[in-house]
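*Asks:* Pasting the sequence and the predicted model now:
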Amino acid sequence: MSTTGLQLALLGGLSIGAGVSALVWRLAPVQVDAHDAVVRLSAQSPHTPATGGGQVRAVGGVERLGRWAMRTLPAGWWGVVPTQQLALLRISQARFFGEKVAFALLGMMAPALLSSLFAVMGLRLPVVVPVVASLAAGVLFFFIPNWNVVDDAGRARTEFNRALGAYIELIALERNSGSGTRQAMEAAAEVGDSWVFVRLREELAFSRWTGEPPWEALRRLSHELGLAELADLADILRLSGEEGSQIYSQLRARSASMRSALLSQDLTHANAVGEKLTIPMSALGITFITILIVPALLRVVGIT
């Protein structure tokens, strides 16, 4: 059998095996997780996994693939799981693992498809080339969800801090008007409709149901999401709730410092973007000067 025939046979066997595996996986008995079933039935639960605006998200095929991978594959294959970033984005670990497996399969299939395309065009490659390329692409694509989560979590953390500064200002106004600590926190959380305020309302409602102090709910959320600014707010509110301290000036000072930090971050980002823009502008200027100077130099040396 020629090299092209062998590659086509491998591709056909891979397709047939993937189809049979998908059919068996679809028809296999499902192991129902009681906790997940209760969470899906209780749509009003504050800790139901949701996307940005707090809407309930249905379990899809990627998440089912991730649950299968979590039960089947060794735990050491996943490496370091970005738990805080996933919690900030409200992405379950099953969905995250499912995306990693899906991307890895996609990366492994791409070189085989390209090799088959080259074979149809008459360009024959050794069998070892698509095999090594498939393994390398599978490993590379396996880490793409990690990079996506880190980037999305960075933007979400910046957005959370911006909304948190406004939330602190609202709490300060409520406290200045004579409201209690819990009342001020809940009234301030009702003002906004972004996903940050929705998340704060959920945590405060959960603390009311469980009898937990609201500042402890914020502290727990700060540890879960890795937000030090939220922990500082919880410390300030604890002084007001437990010791009856006047915290209006402290809240205003904390909000002002957060705005200054965000402004410095924006200025740093703007300067970095401006420096990157100078590179293409400089290259364009050099090209233009070269176009003007080179003909004159060629005439001087007598080439033209």
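*Replies:* Noted; the coordinates are in hand. Numbers count the residues shown, from 1 in each chain.

*Asks:* Find the residue at the geometric middle of the chain.
*Replies:* Centroid-nearest residue in the chain: residue 149, 2.8 Å away (criterion: C-alpha atoms, centre = their mean).

*Asks:* contacting residues for that one?
*Replies:* Neighbour list for residue 149: 82, 85, 86, 89, 91, 96 [criterion: C-beta atoms under 8 Å, 6 or more residues apart in numbering]. From N, CA and C alone the C-beta is placed, and that goes for glycine too.

*Asks:* element containing the last one?
*Replies:* Counting by DSSP states H and E, the element that carries residue 96 is helix 93-120.

*Asks:* Most neighbours among the contacts of residue 149, which one is it?
*Replies:* residue 96 (24 neighbours; other C-beta atoms under 10 Å).

*Asks:* what's around residue 238, how many residues?
*Replies:* When neighbours are defined as other C-beta under 10 Å, residue 238 has 19 of them.

*Asks:* so which strand or helix has the closest residue to it other than its chain neighbours?
*Replies:* Closest residue to residue 238 in three dimensions, ignoring its sequence neighbours and counting by C-beta to C-beta, 6 or more residues apart in numbering: residue 215, at 4.5 Å. Using DSSP H and E, residue 215 falls within helix 214-225.

*Asks:* Just list what that helix packs against, helices and strands only.
*Replies:* Applying 3 or more C-beta pairs under 8 Å, 6 or more residues apart in numbering; DSSP states H and E, one finds that helix 214-225 contacts helix 83-89, helix 181-189, helix 195-210, helix 228-243.

*Asks:* what does it contact?
*Replies:* Residues outside helix 214-225 that contact it (C-beta under 8 Å, 6+ apart) are 84, 87-88, 157, 160, 181-182, 185-186, 199-200, 203-204, 206-208, 227-231, 233-235, 237-238, 241.

*Asks:* Helix 228-243 and the helix or strand the residue nearest to the centre of the chain falls within, what's the angle between them?
*Replies:* Using DSSP H and E, residue 149 falls within helix 144-176. For helix 144-176 against helix 228-243, the angle by axes from the mean of the first three to the mean of the last three C-alpha atoms, to 10 degrees is 30 degrees.

*Asks:* Tell me the gap between helix 144-176 and the middle of its chain.
*Replies:* Here the centre of helix 144-176 is set off from its chain's centre by 14 Å, with C-alpha atoms, centre = their mean, to the nearest Å.

*Asks:* got the buried residues for it?
*Replies:* Buried positions in helix 144-176, judged by neighbour count with 16 or more other C-beta atoms under 10 Å: 145-146, 148-149, 153, 156-157, 160-161, 163-175.

*Asks:* follow-up on the earlier one: now the element after the helix holding residue 96, going C-ward?
*Replies:* Helix 93-120 is succeeded, C-terminally, by helix 128-142 (DSSP H and E).
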